[in-house]
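*Asks:* Here is a sequence with its predicted model. Questions after.
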Amino acid sequence: MIGGLTSIKLLQMSGTLAKIKYPNCTATLPQYIGNGYCYDSFPMNTEKCGYDGGDCGDGSPKRVRGYPDCFVLHTYKIGDKECWDWPPYNTPECGFDGGDCHEQQKKVDDYPDCFVSRPEYIGNELCHDFPPYNTPECGFDGGDCERNKVDGYMNCFVHYTDHIGDGQCNNYEPYNTEVCNFDGGDCARPVPID
């Protein structure tokens with residue numbers, strides 16, 4: 001039996017097991033699929049990759065206790081004393097990561113209503129395409145992010161138009177919004193829990 005377990009572990013570590021189980025998965029590091037840690041990014045956390053080989057559950061965001069409008073994949077990250085500085089964690093709906101990021105928010109010069117944890121990102125010629133950086137309050141990342149109209153959606157403006165309807169849920173504004181049809185249908189509409 002030990003030889004069988006060793007063989008399975010070797011197949012896992014080489015990525016061969018994931019390639020066999022998920023032949024349509026385009027992950028560049030298949031050895032990380034099904035390793036017990038959820039990589040909640042594209043393409044790992046997609047149906048084609050088995051939601052990271054089951055490490056990400058069914059791939060659906062869960063409601064966080066105490067934050068009725070906060071839906072995240074990893075509820076344990078909210079309030080864990082570490083700032084997860086990207087949506088949906090560092091948002092007002094999730095209490096700025098359960099308060100972990102709130103203390104780190106700094107006002108940005110030239111943008112009186114812009115508060116971010118890394119002001120040096122604003123206007124550094126690299127688009128940080130998520131809130132709070134890519135918002136009107138922060139001048140769309142200090143002008144680093146373009147506002148491109150998405151064909152077929154009257155009021156949907158995003159930096160990367162090819163992200164809308166690409167099969168991967170971009171679970172943050174401006175993508176996962178009603179005007180962008182919840183990332184072109186890639187993100188499920190949150191279902192209220194009683």
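*Replies:* Ah, there it is. Numbering: from 1, shown residues only.
*Asks:* Following the chain past the helix or strand of the chain with the lowest mean pLDDT, name the next helix or strand.
*Replies:* Lowest on mean pLDDT, DSSP states H and E among the helices and strands of the chain sits helix 2-14, with a mean of 62. Next in sequence after helix 2-14, counting helices and strands by DSSP states H and E, comes helix 16-21.
*Asks:* roughly how far is that following helix from the heart of the chain?
*Replies:* Averaged C-alpha coordinates place helix 16-21 at 25 Å from its chain's average position (Cα atoms, centre = their mean, to the nearest Å).
*Asks:* and it, what other elements does it pack with?
*Replies:* helix 2-14, helix 50-53 (3 or more Cβ pairs under 8 Å, 6 or more residues apart in numbering; DSSP states H and E). Yep, even glycine has a C-beta here, placed from its N, CA and C like the rest.
*Asks:* Neighbours of the closest residue to Y39 other than its chain neighbours, how many?
*Replies:* Nearest residue to Y39, sequence neighbours excluded (Cβ to Cβ, 6 or more residues apart in numbering): D52, at 5.2 Å. Using other Cβ atoms under 10 Å, D52 has 28 other residues around it.
*Asks:* now do G184
*Replies:* Using other Cβ under 10 Å, G184 is surrounded by 21 other residues.
*Asks:* what's near enough to touch the residue nearest to it when sequence neighbours are not counted?
*Replies:* In this structure, G184 finds its nearest non-sequential neighbour in G165, 2.8 Å apart by Cβ to Cβ, 6+ apart. Neighbouring residues of G165 by Cβ atoms under 8 Å, 6 or more residues apart in numbering: 183-186.
*Asks:* can I get the residues you listed in JSON lines with secondary structure, pLDDT and distance to N176?
*Replies:* Formatted as JSON lines, these follow (DSSP: H, G, I helix; E, B strand; the rest coil; pLDDT from 0 to 100; distance: Cβ to Cβ, whole Å):
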{"residue": "D183", "secondary structure": "helix", "pLDDT": "90", "distance to N176": "5"}
{"residue": "G184", "secondary structure": "helix", "pLDDT": "92", "distance to N176": "10"}
{"residue": "G185", "secondary structure": "coil", "pLDDT": "89", "distance to N176": "11"}
{"residue": "D186", "secondary structure": "coil", "pLDDT": "83", "distance to N176": "8"}
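*Asks:* between the residues you listed, which is nearest C38?
*Replies:* Of all the contacts of G165, C38 sits closest to D186, with 18.2 Å by Cβ to Cβ.
*Asks:* Isn't that closest one up against D162?
*Replies:* No: using Cβ atoms under 8 Å, D186 makes no contact with D162, being 11.9 Å away.
*Asks:* higher neighbour count, the two?
*Replies:* D186 (21 against 9).
*Asks:* where in the chain is pLDDT low?
*Replies:* 1-14, 40-42, 59, 103, 189-194 (pLDDT under 70).
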